[in-house]
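> Give me the fold of what follows.
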Amino acid sequence: MKSQWKTTVSSVFLSAALLASAVPALAAEAGKPAPAQAPASAPTAYKLTNDLQVEMKSVLNEKTADGTRLGAVVRMKNTSSKVVRVPEYEVRMKTKDGVEFRLQASLGSSRSIQPKSQVELSYLATVDSGEGVELSELRWVDIDVYVYPKKETLQLSVPVSDLVWNGTETSEIPSASVKKWGEAFTIPTLQTPLEFKTTNISRDTVGTKTNSVVQVLVTNPSTKRQTLPDIALEGKSGLQTYDSNRAESTLSLEPGEKKYIHFVIPTELNTELEALNVVTAEKYIDAQEKPVTYNVGRVHIMLPAKQADALPVQGAYAFGDAMKMDPLNGLIHPNMDVSLVELHMEQNEDDGFNTAIAKFKLTNKSGGPLNVPAFATDLISSDGYTYNGNRQGTTTLRVLPNASYVVTYSYVVPASESGEGLKLALYETHGTAAAAGAAQAAGAKSQDSKAQDTKAQDAQGSAAEAGASYKSLLTAYNVKLQPQPESKDVLKLYPLTVKVNNWEISAMFNQQQNYNYRLKLLLDIEQEKDVLLDRTFSQLQFDMYDNGGTLINSVKSPFVGENKLQKGANVINFNADSMQLDFPVTVKVYESFVNDKGETAKRLLTTFKQ
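As a prediction, this is how the structure comes out:
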């Protein structure tokens, strides 16, 4: 996080419309800029000499502890077929009230330019101006010191008032630089044709900190391979500015290709970001050979009032339908359907919070086995709060051909959560967050899924290089909670339907002169066709309470393996060893599973009291 003096910033880049409307000026000898012909997507080029043109890349006007820092970065291009020296002109920044400040060139700047080539030249100065200045022009002035008085000749004057990055001491934001959330933009001053578009922002809570992950779609519309420029994001909240870590350290795009990049912005727990700044770093070396690095804003992106409104939902979800996945994702195989089959929320009276439980059916439509994708999920409330999902602790490695498998997630939500207006988002995880899922899937690859796995591993490798953990959106929907079944004798826990035909609670007096309790059940169990069960599936948990509401004992019974529940008669022994016979007693029946945090999540199915 940056220091407190970081406040709302302004950023700017030349829009195509502005460049297209640039009017060629009079001759440079008269002190007027003469822009050369350039594509609408490129910054305007100005004629400095017969062989040299200059383009503005960055203009800085930033207050610091030492005064006001004025700077400029220009590109100087040699249009001739011979080597040309960089002219020894003075470079000055002129303010709107007519004051001129001399800028110093960065130590080690190029002194000559090869034919048909260009160089970047950086200039900087710090002036004692506590109230700040307003910049209007960057000037190149030829000084003839061999006459008296010395003669000054203006070689070129470039307007810069619409290009200035005013640092962090102003709330003024030029309208040309402001973009709405989801609006596509380019950054012409970086000489890249790449187009950018914000697509999602998600939040993960880690202890007392929150990571906001901004997902940006990058498109290469050109006919050449392009490399992602070195850009960064700053998050804005009130007077605070937060730096980001870019998950993908390097990225290249082939012609017509689209890829995502991700920026992880750490903030305090309750911080709500209001805007984003796309910034680039400029470097300068002063006369003492001390490097100076500063950021220059390019685009200012306004966030919706609630971050949840930035989530691109597919619409209202119908339970059981195959979800539409992002075609750029590297996790869900094209022949794997993911559908939501259950979503319930339970009140935990003893713990003071609610538990939501979601079940996802994974259907393999291919002719070979496919890996179980370890996607992450979030529930987002109507108020914009994000509840991270916790996946069941273990799963099978693969789904067999033409079969389905169920994966369960739990969410801890406050007791005040109504469940109205919920959104459900699925994510592909990268970096450290994906380590557990990647380890579980190791060694379980099939020929059919090899390419998909390689794509996911490449993305995780980039994240590891950057030292970041992040999530990439797969899909999102508006969802509704399912009501509990009206019949207390029919237990629905997909893919099973358990009908309780009869039940009976009895007490027995044993040789140790203690009472034990037994629950007899007569069950019918039906299973959905082609949906596989294994030892990782949920169990039934039977909690017995005495007449005063005290827990006597808890017993778990699986549907797979030893001592499994089966069709017909079943006996649940509680082994209470109670010295006193309680009557009546209550048995609460839950569906339960252990999530990847080692916590037991459960959903009440029915209650027996006798």
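
> Report the residue spans of this protein with pLDDT below the cut-off.
Judged by pLDDT under 70, the chain has its weakly predicted residues at 1-42, 130, 168-176, 349-351, 432-468, 510-513, 577-580.

> can you pull up the bridge partners for the spatially most central residue of it?
Central residue of the chain (C-alpha atoms, centre = their mean): Val213, 2.6 Å from the mean position. Applying DSSP bridges to Val213 yields these beta-bridge partners: Ser202, Val264.

> Then Ile143?
Ile143 has these beta-bridge partners by DSSP bridges: Glu152.

> wait, doesn't the residue nearest to the centre of the chain sit right on Tyr260?
No - contact criterion C-beta atoms under 8 Å: Val213 and Tyr260 do not qualify, at 10.8 Å. Bear in mind the C-beta positions are built from the backbone N, C-alpha and C, glycine included.

> distance from the centroid: which residue in this structure tops it?
For the chain, the residue at maximal distance from the C-alpha centroid (C-alpha atoms, centre = their mean) is Tyr148, at 63.4 Å.

> Tell me the spacing between it and Asp142.
Computed as C-beta to C-beta, to the nearest Å, the Tyr148 to Asp142 distance reads 16 Å.

> where along the stretch 351-500 of the chain do the strands fall?
Taking DSSP state E, counting those that start in this stretch as the test, the strands found in the stretch 351-500 of the chain are 353-364, 370-371, 376-380, 386-388, 390-391, 398-399, 404-414, 422-430, 470-479, 490-493, 496-509.

> Can you give the distance from the fifth one to the centre of its chain?
The chain centroid and the centroid of strand 390-391 are separated by 19 Å under C-alpha atoms, centre = their mean, to the nearest Å.

> Likewise for the fourth one?
Centroid displacement of strand 386-388 relative to its chain, using C-alpha atoms, centre = their mean, is 14 Å.

> quick one: strands adjacent to that strand?
Neighbouring strands of strand 386-388 in its sheet, by DSSP bridges, are strand 376-380 (antiparallel).

> Can you dump the C-alpha atoms of the partner strand in PDB for me?
Only the C-alpha atoms of strand 376-380 are listed here, as PDB (Å, rounded to 0.1, in the frame of the first residue of the first chain):
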ATOM      1  CA  ALA A 376     -13.400 -22.300  -6.900                       C
ATOM      2  CA  THR A 377     -16.800 -20.800  -6.200                       C
ATOM      3  CA  ASP A 378     -18.200 -17.700  -4.500                       C
ATOM      4  CA  LEU A 379     -21.600 -16.700  -3.400                       C
ATOM      5  CA  ILE A 380     -22.300 -13.000  -3.700                       C
END
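
> how much does it deviate in direction from strand 353-364?
With axes from the mean of the first three to the mean of the last three C-alpha atoms, to 10 degrees applied, the angle from strand 376-380 to strand 353-364 works out at 130 degrees.

> Report the inter-axis angle for strand 376-380 versus strand 470-479.
50 degrees.

> Give me the residues contacting strand 376-380.
Here strand 376-380 makes contact (C-beta atoms under 8 Å, 6 or more residues apart in numbering) with 202, 308, 311, 356, 358, 360, 386-389, 391, 409, 411, 413, 422-429, 433, 471.

> try it again with 6 Å
Strand 376-380 is contacted by residues 308, 386-389, 409, 411, 422-427, 429, 471 when judged by C-beta atoms under 6 Å, 6 or more residues apart in numbering.

> Who wins on neighbours among those residues?
Counting neighbours by other C-beta atoms under 10 Å, Lys471 comes out on top of the contacts of strand 376-380 with 29 neighbours.
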